[in-house]
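Chemist: the sequence isn't on hand, but the structure is:
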């Protein structure tokens with residue numbers, strides 16, 4: 001647990017302790033405010049420091065990330081759309097009921113104006129003996145009884161004026177004929193209508209009003225909504241209607257105050273009773289009702305609170321359909337059920353898809369952990385889903401299998417390289433470690449394998465104190481097989497040379513031609529048909545500087561004498577190619593200063609980056625330039641020239657040199 005978490009936990013425990021102690025003692029302990037402040041600061045630090053870490057830890061698993069993504073993509077939009085639809089329906093239904101309220105007030109004002117017009121017509125057609133007051137009083141009595149409300153009449157017929165009213169004693173000066181609507185008095189509200197008869201025998205004018213009783217607003221929409229006047233006066237300003245809250249809310253959940261008192265404190269805005277469902281919530285709305293000030297004639301606005309329920313509004317909206325009103329509800333239910341089924345299917349499909357993805361990721365994670373630990377034999381299960389995830393699992397298994405095979409191959413390669421190193425070490429022992437020292441001949445030999453082991457062969461075999469055999473050969477092929485055949489050839493050659501060594505008189509009883517004939521038959525019978533070797537074998541006698549040699553298909557060595565180069569030509573088949581081959585031999589007496597250079601095709605056939613071979617001419621020119629130098633220096637010049645010629649190109653063949661100088 002980090003220090004931030006510890007501090008926050010300590011702050012919570014300390015605050016709980018202070019709260020419990022304060023409850024038991026009936027008073028706050030000293031420092032309770034500081035403890036609360038400490039808790040707030042610790043909570044803020046915890047939210048800043050620890051919550052992101054907890055969120056990252058929670059969302060580390062892909063499953064949790066997909067669930068959160070699904071919530072934001074699938075659930076949150078549905079919730080927001082549902083909330084938006086509910087809010088829109090709430091506003092629409094509230095405004096609809098408000099419109100019905102103002103429409104109902106206008107309808108009742110029109111009815112009152114119709115009554116006023118009836119009274120004016122009666123006054124215009126009265127008998128001369130009947131006074132306007134009699135007609136007005138009779139009309140007021142009948143109308144009050146019919147509407148069960150307090151009616152006031154101010155009638156003027158000619159010069160006769162009848163005032164049958166307890167509240168308004170004269171026609172307001174601001175009132176105009178044909179006007180009707182709500183009128184705001186000092187302590188109560190009225191529904192008034194003002195009419196005249198223009199074509200009467202004498203001027204007739206009637207001002208008829210109805211006192212807005214306690215049940216007036218309550219009975220406006222009896223089956224739809226409860227209505228209550230909550231603001232007696234509101235002033236229209238540039239910023240809108242000035243409505244202020246009061247500290248004592250009245251019944252109906254809505255309370256506003258504009259400076260006056262509610263003239264009808266007992267009327268509420270409770271929705272009408274009815275069967276309710278979970279969705280049938282109360283809708284409370286404010287309605288602005290236009291009115292006129294009785295004294296000043298200014299336009300004012302009364303605020304009415306309207307409360308209803310969606311079921312009542314819907315019932316009213318579809319009341320004209322009669323028995324067919326169930327069809328819209330049935331359509332809504334079908335649509336809702338369809339959406340519900342689609343949502344359930346989407347949830348199930350999303351859960352299945354999430355499970356397949358998280359399961360594949362978990363399998364891959366487990367597989368990578370196994371690979372990380374070095375277990376390349378582990379294979380993750382391939383689900384038969386025929387999608388990219390199953391292909392990914394299959395690719396992972398193929399990858400681990402190939403890595404496992406590659407590791408096996410690398411180990412095998414390392415083993416082969418170790419064996420090749422051993423073979424190279426063994427082969428290096430086959431080349432002469434020290435060349436014999438003759439009185440009249442200086443010798444140098446070397447081999448650079450193209451691979452770990454070489455198929456080229458050179459050897460200098462001493463035959464007594466004043467004689468030696470010079471041999472150089474090129475085995476067909478490369479690598480291990482050529483190296484093994486080279487060891488076989490060397491063994492056979494040395495065996496022949498040692499078995500047929502000098503006689504008691506110091507004379508050689510063997511010749512290069514006879515040795516190569518024997519070696520040819522031996523190699524032919526002991527190797528596969530495609531195996532052969534080119535060979536140059538010379539026997540040198542120190543007493544007369546005579547070199548007797550036979551060339552069995554090998555490159556003709558070069559002899560540098562007096563600044564000129566000549567080739568030691570010789571004809572003969574490579575050894576091991578055909579049985580019973582008889583070879584010819586030649587003799588050459590070396591003069592002091594002569595340089596004999598025997599080489600394999602890895603020298604003259606070395607290519608450059610363009611594929612051009614080094615060639616005999618370049619070697620000839622080089623030997624002419626450096627023939628006077630020491631044998632080590634001559635060999636170094638040849639090696640450096642080949643390296644410069646080939647640059648960084650990989651050596652394609654073994655390079656072997658055998659140098660001899662007559663001293």
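Modeler: Noted; the coordinates are in hand. As the structure is a computational prediction, the values presented were derived from the model and not from experiment. Residues are numbered from 1 along each chain as shown.
Chemist: ranges for the strands of the stretch 51-200 of the chain?
Modeler: Listed from the start of the chain, the stretch 51-200 of the chain has strands (DSSP state E, counting those that start in this stretch) covering 151-157, 160-164, 179-184, 189-197.
Chemist: between those strands, which one is nearest to residue 539?
Modeler: Distances from residue 539 to each of those were compared using Cβ to Cβ; the minimum, 145.2 Å, belongs to strand 179-184. Bear in mind the C-beta positions are built from the backbone N, C-alpha and C, glycine included.
Chemist: mind listing residues that contact the closest one?
Modeler: Counting by Cβ atoms under 8 Å, 6 or more residues apart in numbering, strand 179-184 makes contact with 105-106, 109-110, 112-113, 172, 189-194, 209, 212, 232-233, 289-294, 300, 302, all of which sit outside it.
Chemist: and these, which are buried?
Modeler: By neighbour count, with 16 or more other Cβ atoms under 10 Å, the contacts of strand 179-184 hold 105, 109, 112-113, 172, 189-194, 209, 212, 232-233, 289, 291-294, 300, 302 as buried.
Chemist: let's see which of those end up in helices.
Modeler: Under the assignment DSSP state H, these contribute 105, 109, 112, 113 to helices.
Chemist: just the pLDDT at the residue lying closest to residue 477 once chain neighbours are set aside, thanks.
Modeler: With Cβ to Cβ, 6 or more residues apart in numbering as the measure, residue 455 is the residue that lies nearest to residue 477, at 6.0 Å, once sequence neighbours are left out. The confidence metric pLDDT takes the value 79 at residue 455.
Chemist: now do the residue nearest to residue 594 when sequence neighbours are not counted, the pLDDT please.
Modeler: In space, and not counting its chain neighbours, residue 594 is closest to residue 662: 4.4 Å by Cβ to Cβ, 6+ apart. pLDDT, residue 662: 94.
Chemist: need phi/psi at residue 662.
Modeler: Backbone torsions of residue 662, given as degrees, to the nearest 10, read phi -80, psi 130.
Chemist: I figured it hits residue 591, correct?
Modeler: Yes - under the contact definition of Cβ atoms under 8 Å, residue 662 touches residue 591, with a separation of 6.1 Å.
Chemist: any shared contact partners between the two?
Modeler: The overlap between the contact sets of residue 662 and residue 591 (Cβ under 8 Å, 6+ apart) consists of residue 545.
Chemist: show me which of the two is the more surrounded one.
Modeler: More crowded of residue 662 and residue 591, by other Cβ atoms under 10 Å: residue 662, with 20 against 11.
Chemist: dump the residue contacts of the more buried one.
Modeler: With contacts defined as Cβ under 8 Å, 6+ apart, residue 662 is in contact with 440, 441, 545, 590, 591, 592, 593, 594.
Chemist: and the gap between the first one and residue 21?
Modeler: Residue 440 sits at a distance of 119 Å from residue 21 (criterion: Cβ to Cβ, to the nearest Å).
Chemist: quick one: residues contacting residue 79.
Modeler: Contacts of residue 79 were listed using Cβ under 8 Å, 6+ apart, and none were found.
Chemist: likewise for residue 658?
Modeler: Residue 658 sits next to 443, 444, 445, 458, 460, 470, 472, 597, 598, 599 when contact means Cβ under 8 Å, 6+ apart.
Chemist: and for the fifth one, the neighbour number?
Modeler: Neighbourhood size, residue 460 [other Cβ under 10 Å]: 22.
Chemist: do the same with the last one
Modeler: Using other Cβ under 10 Å as the criterion, residue 599 is surrounded by 24 other residues.
Chemist: next up, the contacts around it.
Modeler: Counting by Cβ under 8 Å, 6+ apart, residue 599 touches 472, 555, 557, 558, 619, 655, 656, 657, 658.
Chemist: using JSON lines, lay out those together with pLDDT.
Modeler: Formatted as JSON lines, the contacts of residue 599 follow (pLDDT from 0 to 100):
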{"residue": "472", "pLDDT": "94"}
{"residue": "555", "pLDDT": "93"}
{"residue": "557", "pLDDT": "95"}
{"residue": "558", "pLDDT": "95"}
{"residue": "619", "pLDDT": "94"}
{"residue": "655", "pLDDT": "89"}
{"residue": "656", "pLDDT": "92"}
{"residue": "657", "pLDDT": "95"}
{"residue": "658", "pLDDT": "95"}
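Chemist: between residue 440 and residue 21, who's got more neighbours?
Modeler: Comparing residue 440 with residue 21 by other Cβ under 10 Å, the one with more neighbours is residue 440, at 16 against 13.
Chemist: can you lay out the strands of the stretch 51-200 of the chain as a markdown table showing distance to residue 130 and mean pLDDT?
Modeler: What follows is the strands of the stretch 51-200 of the chain, written out as a markdown table (distance: least, Cβ to Cβ, whole Å; pLDDT from 0 to 100):
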| stretch | distance to residue 130 | mean pLDDT |
| --- | --- | --- |
| strand 151-157 | 10 | 91 |
| strand 160-164 | 11 | 88 |
| strand 179-184 | 27 | 91 |
| strand 189-197 | 16 | 92 |
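Chemist: could I get those strands in CSV, plus columns for distance to residue 352?
Modeler: Rendered in CSV, the data for the strands of the stretch 51-200 of the chain read as follows (distance: least, Cβ to Cβ, whole Å):
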stretch, distance to residue 352
strand 151-157, 74
strand 160-164, 83
strand 179-184, 64
strand 189-197, 66
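Chemist: residue 344 is nearest to which of those strands?
Modeler: Comparison of the strands of the stretch 51-200 of the chain against residue 344 by Cβ to Cβ identifies strand 179-184 as nearest, at 53.3 Å.
Chemist: okay, now the sheet partners of the closest one, with direction.
Modeler: With DSSP bridges as the criterion, the sheet partners recorded for strand 179-184 are strand 189-197 (antiparallel), strand 283-293 (parallel).
Chemist: so how far is the shortest one off the chain centroid?
Modeler: When you say that, I think you mean strand 189-197. Strand 189-197 has its C-alpha centroid displaced from the chain centroid by 74 Å (Cα atoms, centre = their mean, to the nearest Å).
Chemist: got the angle for it vs strand 151-157?
Modeler: Strand 189-197 and strand 151-157 meet at an angle of 20 degrees, taking axes from the mean of the first three to the mean of the last three Cα atoms, to 10 degrees as the criterion.
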